[in-house]
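A.B. asks: predicted coordinates and the sequence they were generated for:
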Amino acid sequence: MRIFVCIKQVPDTETRIKLTSDSQGIDPTGVKWVINPYDEFAIEEAIRFKEANDDVQVTAITVGPKARVNNALLTAMAMGVDDSLLVNTDAALDALTTAQALANAIKAEGEFGLVLAGKLAIDGNVSAVPLMLAELLGIPHASVVNSTEYSDGFVTAGREIEGGTTEKFKLRLPAMITANKGLNKPRFASLPGIMKAKKKPIKEVSLDDLGIKTESIKVKFTNFELPAEKPACKMLGGSPEDQVNELVKLLQEEAKVL
Amino acid sequence: MNALVFIEYKDNKIKKSSLECLSAVKGDSHTIQTCAIGAGSDQLTAALGAWGVTKHYSCTDVDTYNPELYKNFVAKVIEQTKPDVIVATSNNVGRDIFPRVAAQFSMAYMSDITEVEMDSDLEVKRPLYAGKCTAQVTFTDDSGKILLLRPNQISVVEASESVTTENIAIAAGAPSGQSETLSVEKGESEKLDLTEAETIVSGGRGLKEAENFKLLHDLAAPLNATVGASRAVVDLGWVPHSLQVGQTGKTVAPSLYFAIGISGAIQHLAGMSGSKNVVAINKDEKAPIFQKSTYGLVGDLFEIVPVLTEKLKSL
């Protein structure tokens, strides 16, 4: 069975965001790019499936500029992914165009049994590409998944949503699963894994190859702004009783939230 | 503009987050139609009339959540209403259905919208990098748009029209056999989710051990607040990941946020940056959390929090 894992590179969560001089984007200088943390759960899920089943090929797939995203693919392959498929482009695509590129790239590869992705990418938090991809591939999905069980052609996926509600869905394969924290504990790449990854194949395709035009981008981010500086914090002194009395007064009279 | 609003409701009452969606599209030049799915979804017309809704599409034969059936219902409504813009809440349901709808109908899609202006040109803003910056969302063509609004961002306006809303029943399509809902177990929590909460009481490593989260639950009770946590204590296994506020957890925007025993890692500060008022309680006066707070109390949280809880109970 062929499994595709969709991955995205994002700025490390420690990154302090700076804007470009024209405020039409973020300044990439000094940004450390990492695999989106939720995608690591998807990679781990695919590798575990491969370890538990015969004849499984796990392919990492991503859209982005080769010079940058190559590292993410190498990391995924060092963890245990077999090979990679790279849609090499410098263009800033929107969610739907990205999903169309991924869908066309996956369809061109032939049969597949499972597509995995993180539940969202922590940069934009748009959380749309995986489900758009599922729609374009005509397969069912379960999102924000923290448990899976596979049995003859089906996957049972569990998730916990708002208010502690838990849901379980049974999907016919091929299906799309988007991974939440808690699904598993992603492994670190081992040193032999890192050596092996260098020899694993990365297949490269362009937007042209896939019939994707950047003119079909419908959504762009423009006019970036950093949050306004907060006024200095009011420090409340005295005994715990004094502090609490002062705080409650301020919350009632100044903030008007009590 | 022809707008379609996806309505969520509970106990026959339209949820506040859906009223925010209605408020966003309300305007003289807009036609507003609505849709809702589930038992009782046909009972909302009296309330919708006040919002000037002419037609409400409902489906009562699906009551257990299933993304495929929900999405098929919305698709049927779109085929009948041909909206220019669809507005829904940016929550687990909206995020689970509308990306597929956008792909099926080739519509522009954006989630987590915090500002929207529909009077003349469509103006939309949202945070990026969990609130480390914001950006304008620019739509480059005239395809239909799907806008998912983050809860607690748009003020609810007064609805005072007296339109008679026509209910149009839509039959759920047959399931494709591709997916099936096995179970839905409602959580015990009657509290709002962190992303929708007006007040949040969050705790961090300063609480010293898992059992001490009881202090926060006690404080949350008189405030009717939802309890949250820092990544550190989620990683320690004290509380589930669903409580985590931050870049790899939830991005929140309450009116009042208590950060208790939380030093303020950059990811946490980003996740809570939409909060209108922040109260920090920490023993370390140099903790970064104080730079992002409105009111700061330096001291022992084990002394301060119980006093605060008692004071709030007495109000």
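C.D. replies: Yep, it's here.
A.B. asks: show me where the chain has helices.
C.D. replies: Here I'm looking at chain A. For chain A, applying DSSP state H gives helices covering A:37-52, A:66-79, A:95-109, A:129-137, A:191-197, A:240-253.
A.B. asks: wait, chain B was what I had in mind.
C.D. replies: B:16-25, B:45-49, B:67-81, B:92-105, B:213-223, B:231-235, B:266-271, B:301-313.
A.B. asks: for A:Met235, which non-adjacent residue is spatially closest?
C.D. replies: Once flanking residues are discounted, A:Met235 sits nearest to B:Gly296: 4.6 Å by CB to CB, 6 or more residues apart in numbering or on different chains. C-beta coordinates here come from the backbone N, C-alpha and C atoms, glycine included.
A.B. asks: okay, now that neighbour: neighbour count?
C.D. replies: Burial of B:Gly296, expressed as a neighbour count using other CB atoms under 10 Å in any protein chain shown, amounts to 25.
A.B. asks: tell me the domain boundaries of chain B?
C.D. replies: B:2-169, B:194-313 (automatic domain parsing).
A.B. asks: could I get the ones you listed as TSV with distance to A:Glu162 and mean pLDDT?
C.D. replies: TSV is the format used below for the domains of chain B (distance: least, CB to CB, whole Å; pLDDT from 0 to 100):
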stretch	distance to A:Glu162	mean pLDDT
domain B:2-169	6	94
domain B:194-313	7	96
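A.B. asks: and these, which is most packed in?
C.D. replies: Comparing the domains of chain B by mean neighbour count (mean count of other CB atoms under 10 Å in any protein chain shown), domain B:194-313 ranks first with a mean of 21.
A.B. asks: before we move on, the earlier item: for B:Leu149, which of the helices of chain B is the nearest?
C.D. replies: helix B:16-25 (5.7 Å; CB to CB).
A.B. asks: pLDDT score for A:Ser190?
C.D. replies: Predicted confidence (pLDDT) for A:Ser190: 95.
A.B. asks: what do you get for the one 5 residues further on?
C.D. replies: Here, the pLDDT recorded for A:Met195 equals 97.
A.B. asks: can you give me the distance of it to chain B?
C.D. replies: Using CB to the nearest CB, to the nearest Å, A:Met195 is found at 30 Å from chain B.
A.B. asks: how many residues are close by that residue?
C.D. replies: 10.
A.B. asks: ok, how many other residues are close to A:Ala135?
C.D. replies: Heads up, residue A:135 is Glu, not Ala. Neighbours of A:Glu135 (other CB under 10 Å): 23.
A.B. asks: tell me if I'm right that B:Ile113 and B:Arg126 touch.
C.D. replies: Yes - if you go by CB atoms under 8 Å, B:Ile113 and B:Arg126 touch, sitting 5.0 Å apart.
A.B. asks: between the two, what contacts are shared?
C.D. replies: Common neighbours of B:Ile113 and B:Arg126 (criterion: CB atoms under 8 Å, 6 or more residues apart in numbering or on different chains): B:Val137, B:Arg150.
A.B. asks: dihedrals phi and psi, B:Val252?
C.D. replies: phi -120, psi 160 (degrees, to the nearest 10).
A.B. asks: where does the stretch 1-150 of chain A dip in pLDDT?
C.D. replies: Residues of the stretch 1-150 of chain A meeting the criterion pLDDT under 70: none.
A.B. asks: interface residues of it facing chain B?
C.D. replies: With CB under 8 Å from any CB of the partner chain as the criterion, the stretch 1-150 of chain A comes near chain B at residues A:11, A:13-17, A:19, A:26, A:37-38, A:94-96, A:99, A:122-136, A:139-144.
A.B. asks: OK, contacts around the closest residue to B:Thr248 other than its chain neighbours?
C.D. replies: Leaving out its chain neighbours, the residue that sits closest to B:Thr248 by CB to CB, 6+ apart is A:Pro37, at 5.3 Å. By CB under 8 Å, 6+ apart, A:Pro37 lies in contact with A:Thr13, A:Gly118, A:Ile122, A:Lys181, B:Thr248.
A.B. asks: now the residue of chain A found nearest chain B: how far from A:Ser216?
C.D. replies: Nearest to chain B, among the residues of chain A, is A:Gly164, at 2.5 Å (CB to the nearest CB). According to CB to CB, to the nearest Å, A:Gly164 and A:Ser216 sit 40 Å apart.
A.B. asks: do the same with A:Asn125
C.D. replies: Counting by CB to CB, the gap from A:Asn125 to A:Ser216 is 23 Å.
A.B. asks: who has more neighbours out of the two?
C.D. replies: A:Asn125 (20 against 15).
A.B. asks: mind naming the longest strand for chain A?
C.D. replies: strand A:141-151 (DSSP state E).
A.B. asks: C-alpha coordinates for that one, PDB please?
C.D. replies: Extracted in PDB, the C-alpha atoms of strand A:141-151 (Å, rounded to 0.1, in the frame of the first residue of the first chain):
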ATOM      1  CA  HIS A 141     -11.700  12.200   6.000                       C
ATOM      2  CA  ALA A 142     -11.400  12.400   9.700                       C
ATOM      3  CA  SER A 143      -9.700  15.500  11.200                       C
ATOM      4  CA  VAL A 144      -8.000  16.300  14.500                       C
ATOM      5  CA  VAL A 145      -7.500  12.600  15.100                       C
ATOM      6  CA  ASN A 146      -5.900  11.200  18.300                       C
ATOM      7  CA  SER A 147      -6.500   7.500  17.800                       C
ATOM      8  CA  THR A 148      -6.600   5.100  14.800                       C
ATOM      9  CA  GLU A 149      -7.300   1.400  14.300                       C
ATOM     10  CA  TYR A 150      -6.900  -0.300  10.900                       C
ATOM     11  CA  SER A 151      -8.700  -3.400   9.800                       C
END
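A.B. asks: and the contacts of that strand?
C.D. replies: By CB under 8 Å, 6+ apart, strand A:141-151 touches A:45, A:49, A:53, A:119, A:127, A:130-131, A:134, A:155-161, A:169, A:171, A:175-183, B:67, B:92, B:95-96, B:100, B:179.
A.B. asks: now which of those residues would you call buried?
C.D. replies: A:45, A:49, A:119, A:127, A:130-131, A:134, A:155-161, A:169, A:171, A:175-183, B:67, B:92, B:95-96, B:100, B:179 (16 or more other CB atoms under 10 Å in any protein chain shown).
A.B. asks: does any part of stretch B:140-149 sit near chain A?
C.D. replies: Yes - judged by CB under 8 Å from any CB, stretch B:140-149 comes into contact with chain A at B:Thr140, B:Asp141, B:Ser143.
A.B. asks: pop the domain breakdown of chain A in here.
C.D. replies: According to automatic domain parsing, the domains of chain A span A:2-216, A:230-258.
A.B. asks: and those, which is most packed in?
C.D. replies: In terms of average neighbour count - mean count of other CB under 10 Å - the standout among these is domain A:2-216, at a mean of 19.
A.B. asks: so who does B:His56 touch?
C.D. replies: Here B:His56 is in contact with B:7, B:33-36, B:42, B:44-45, B:48, B:165-168 (criterion: CB under 8 Å, 6+ apart).
A.B. asks: ok, 10 Å please
C.D. replies: Residues in contact with B:His56 (CB atoms under 10 Å, 6 or more residues apart in numbering or on different chains) are B:5, B:7, B:32-36, B:41-42, B:44-45, B:47-49, B:77, B:165-169.
A.B. asks: quick one: it from A:Val10, how far?
C.D. replies: 40 Å.
A.B. asks: next one: A:Gly30
C.D. replies: In terms of CB to CB, A:Gly30 sits 15 Å off from A:Val10.
A.B. asks: same check, this time on B:Val234
C.D. replies: 20 Å.
A.B. asks: quick one: contacts for the residue of chain B found nearest chain A?
C.D. replies: Nearest to chain A, among the residues of chain B, is B:Gly187, at 2.5 Å (CB to the nearest CB). Residues near B:Gly187 by CB under 10 Å, 6+ apart: A:Glu160, A:Ile161, A:Glu162, A:Gly163, A:Gly164, A:Thr165, A:Thr166, B:Asp193, B:Ser242.
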